[in-house]
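Asker: A predicted structure for the sequence below; I have some questions about it.
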Amino acid sequence: MFKKHLGFSFNLIAIMLFVPGILLPMFSLTMEMTAKVSGASMTSDLVNKELSLLTTIQELWQDERLLVAALIFAFSIAIPIIKSLLVTWSYIKKHSDVERKLLNFVAFIGKWSMADVFVVAIFLAVLSTDHAQTSDHQQLSMFGFKIDLLMSSETLSNIGPGFYYFCGYCLLSLLGTQLSQSSLNHHKFQNEEK
């Protein structure tokens, strides 16, 4: 019985981590371009944004990358919410066939909900071009004068607090579900011995 309460507690904490996990910035991306002409320089921000999971889905949807937006929404938002609701419902339906079926279903979709971690990891890996720099040096000749032109860009990306909250949600949710299911199996085993 202790495992069941502990599992449900972990799932409640996971839900509390889920909310900031999808609302807070998951990463930030900055891209600067610098032009130096004969000693004088000018710097301009090309990109400077912080994106949470929800704003990322929104931007993908607006850019008509509908499949990617739908997949991230399904695996990172919809499945976790459904899973949390089912775990709560199973906790209320103590020691019943409904509880067993719900927890078995949650364990099944829990495997699929790891796809959200996979999606986010790939997404961040693609954007983790931290300190990627490019530069191009040209020498121009105009009216007999030689002008040195150096164009460079720098891309910086950082993981935001939303990433850590979301990872905490994923780990605690899986642990909570495992504990709840283990408690259910233990209870079933004790009833069979009687």
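Answerer: Happy to help now that I have it.

Asker: what sits against the closest residue in space to Gly162 that isn't next to it in sequence?
Answerer: Nearest residue to Gly162 in three dimensions, chain neighbours excluded: Leu24, at 3.6 Å (Cβ to Cβ, 6 or more residues apart in numbering). The C-beta positions use only the backbone N, C-alpha and C, and glycine is treated the same way. Counting by Cβ atoms under 8 Å, 6 or more residues apart in numbering, Leu24 touches 52, 160-162, 165.

Asker: how far off centre is stretch 86-101?
Answerer: Per Cα atoms, centre = their mean, to the nearest Å, the displacement of stretch 86-101 from the mean C-alpha position of its chain is 28 Å.

Asker: actually stretch 23-33, sorry about that
Answerer: 14 Å.

Asker: in that stretch, what counts as buried?
Answerer: 24-27, 29, 31-32 (16 or more other Cβ atoms under 10 Å).

Asker: what is the nearest of the contacts of Leu24 to Met16?
Answerer: Using Cβ to Cβ, Tyr165 comes nearest to Met16 of the contacts of Leu24, at 9.1 Å.

Asker: run a quick neighbour tally on Ser173.
Answerer: Per other Cβ atoms under 10 Å, the neighbour tally for Ser173 reads 24.

Asker: just the ones of the buried residues of stretch 23-33 in strands?
Answerer: Counting by DSSP state E, the part of the buried residues of stretch 23-33 found in strands is 25-27, 29, 31-32.

Asker: save the residues you listed as TSV, and put in distance to Ile72 too.
Answerer: Output for these, formatted as TSV (distance: Cβ to Cβ, whole Å):
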residue	distance to Ile72
Pro25	15
Met26	11
Phe27	13
Leu29	17
Met31	22
Glu32	28
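
Asker: now for those: which two are most distant?
Answerer: Met26 and Glu32 (21.3 Å).

Asker: so Asn11 touches Trp89, yeah?
Answerer: No: look at Asn11 against Trp89 with Cβ atoms under 8 Å: they stay out of range, at 11.5 Å.

Asker: more neighbours, those two?
Answerer: Asn11 (26 against 13).

Asker: and Lys4, that's in a strand?
Answerer: No: checked against DSSP: H, G, I helix; E, B strand; the rest coil, Lys4 lies outside a strand; its state is helix.

Asker: state the number of residues packed around it.
Answerer: Lys4 - counted by other Cβ under 10 Å - has 22 other residues nearby.

Asker: can you pull the contacts of the closest residue to it other than its chain neighbours?
Answerer: Of all residues not flanking Lys4 in the chain, Ser183 sits nearest, at 3.8 Å (Cβ to Cβ, 6+ apart). Listed by Cβ under 8 Å, 6+ apart, the contact set of Ser183 reads 1-4, 7.

Asker: let's see if you can find the most crowded of those.
Answerer: Counting by other Cβ under 10 Å, top hit in these: Gly7 with 24 neighbours.

Asker: in this structure, which spans are helices?
Answerer: Using DSSP state H, the helices assigned to the chain run over residues 2-23, 53-62, 66-73, 79-92, 97-127, 161-193.
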